[in-house]
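Peer 1: could you look at this predicted model? Sequence included:
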Amino acid sequence: MSYKQIKWMILLIPTLTVGIWEYVRHQFLLPYISMDLGNWLTPVIVYVVSITLVTKLFRNMERIQKELEKERAAKAVLESREKLAKELHDGIAQSLFLLSVQVERLESQRKQEKQLDEVYAIRKTVHEVNRYVRQSIANLRYDAQSHTAQPTLDSIALHNQIGRIIGDTPIPIELEWHIEDDVFTAKEKIELLACLREAVVNIQKHAKASQGWIKGEDKNGYRKITIKDNGRGFTVDPFTLKDRYGLHIMKERLKAMNWNLRLVREQESTILEFSQDGEHV
């Protein structure tokens with residue numbers, strides 16, 4: 001039933017109820033009930049009918065209103081994502097591409113060994129940032145375009161999104177996922193996906209690993225995500241280093257969701273764990 005039909009029903013039900021009652025009373029019930037009793041019964045009958053039928057209509061109206069608000073919120077988020085993707089493409093991505101071209105031109109002009117080493121380092125950094133930004137643009141636009149009839153962030157499949165991130169990474173990463181999508185809210189999916197993307201980038205950029213693993217587990221309602229690699233690891237606690245912005249942001253994201261972050265080095269492997277607050281790991 002549409003919103004317009006519900007409004008008409010709310011207006012018509014009391015009127016029709018009074019009309020039908022008055023007709024029945026005057027045609028069939030006058031010999032049995034007095035005029036005063038009939039007048040008292042009229043509001044009672046209208047009240048009972050209204051409670052029975054109109055209450056259900058109001059519930060339908062509230063449900064429709066909540067769905068509309070949810071769709072408006074989802075649409076606003078998707079529009080923001082599309083706008084951000086456009087700004088990234090028109091600004092950062094294009095500037096990085098031009099910088100990459102300039103570095104390659106400098107490389108062809110400069111033959112001194114020391115300068116070439118510096119150019120190689122710059123070019124590697126530019127290419128990494130360029131690839132990461134373009135991946136982010138693709139993720140934003142893919143999510144925006146995949147919502148057609150009823151856009152909602154609840155439709156984000158975390159397992160598929162992680163698979164796409166892994167597919168764009170040159171390092172082989174095995175994925176083992178045993179967590180249902182519906183246990184996460186839309187916000188949790190977005191935050192966890194950002195943390196997992198940062199973890200995969202760290203495996204490639206800092207760990208110098210040749211193999212990685214991602215595992216998602218659900219143990220009696222508590223979720224745990226483990227990211228593991230066979231890279232060079234770390235000698236000091238990375239969280240004590242001021243330049244590890246990605247790790248600090250990751251920790252803040254998880255803390256805001258009441259999740260814990262654990263980073264350890266075990267048996268020649270680096271293990272990063274995200275777990276719900278209260279879980280014993």
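Peer 2: Yep, it's here.

Peer 1: out of the helices and strands in the protein, which is least certain?
Peer 2: helix 113-145 (a mean of 63; mean pLDDT, DSSP states H and E).

Peer 1: okay, the very next helix or strand once past that one in PDB with CA atoms only?
Peer 2: Using DSSP states H and E, the helix or strand that directly follows helix 113-145 along the chain is helix 158-167. Taking only C-alpha atoms (Å, rounded to 0.1, in the frame of the first residue of the first chain), the coordinates of helix 158-167 have been written out as PDB:
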ATOM      1  CA  LEU A 158      33.100  -7.600   2.600                       C
ATOM      2  CA  HIS A 159      34.500 -10.900   1.300                       C
ATOM      3  CA  ASN A 160      34.200  -9.700  -2.300                       C
ATOM      4  CA  GLN A 161      35.800  -6.300  -1.500                       C
ATOM      5  CA  ILE A 162      38.700  -8.000   0.200                       C
ATOM      6  CA  GLY A 163      39.200 -10.200  -2.800                       C
ATOM      7  CA  ARG A 164      39.300  -7.200  -5.100                       C
ATOM      8  CA  ILE A 165      42.000  -5.600  -2.900                       C
ATOM      9  CA  ILE A 166      44.000  -8.800  -3.000                       C
ATOM     10  CA  GLY A 167      43.600  -9.100  -6.800                       C
END
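
Peer 1: pull out the buried positions in helix 158-167.
Peer 2: The neighbour-count criterion (16 or more other CB atoms under 10 Å) identifies Leu158, Gln161, Ile162, Ile165, Ile166 as the buried residues of helix 158-167. Where you see a C-beta, it was placed from the backbone N, CA and C, and this is true even at glycine.

Peer 1: closest to Pro238 among these?
Peer 2: Ile165 (20.9 Å; CB to CB).

Peer 1: does that closest one touch Cys195 like I think?
Peer 2: No - between Ile165 and Cys195 there is no contact, the gap being 11.2 Å when judged by CB atoms under 8 Å.

Peer 1: let's verify Ile225: helix, strand, or coil?
Peer 2: In terms of secondary structure, Ile225 is strand; the call rests on DSSP: H, G, I helix; E, B strand; the rest coil.

Peer 1: tell me who's in contact with the nearest residue to it once chain neighbours are set aside.
Peer 2: In space, and not counting its chain neighbours, Ile225 is closest to Phe274: 4.3 Å by CB to CB, 6 or more residues apart in numbering. Residues near Phe274 by CB atoms under 8 Å, 6 or more residues apart in numbering: Leu192, Cys195, Lys224, Ile225, Leu254, Trp259, Asn260, Leu261.

Peer 1: relative to Val54, how far out is Phe274?
Peer 2: Counting by CB to CB, to the nearest Å, the separation of Phe274 from Val54 is 49 Å.

Peer 1: could you do Glu268 as well?
Peer 2: For Glu268, the distance to Val54 equals 70 Å [CB to CB].

Peer 1: before we move on, what about Val236?
Peer 2: Val236 sits 68 Å away from Val54, taking CB to CB as the criterion.

Peer 1: would you indicate which residues of stretch 64-74 are buried?
Peer 2: Of the residues in stretch 64-74, those with enough neighbours to count as buried (16+ other CB under 10 Å) are Ala74.

Peer 1: quick one: mean pLDDT for that stretch?
Peer 2: For stretch 64-74, mean pLDDT rounds to 84.
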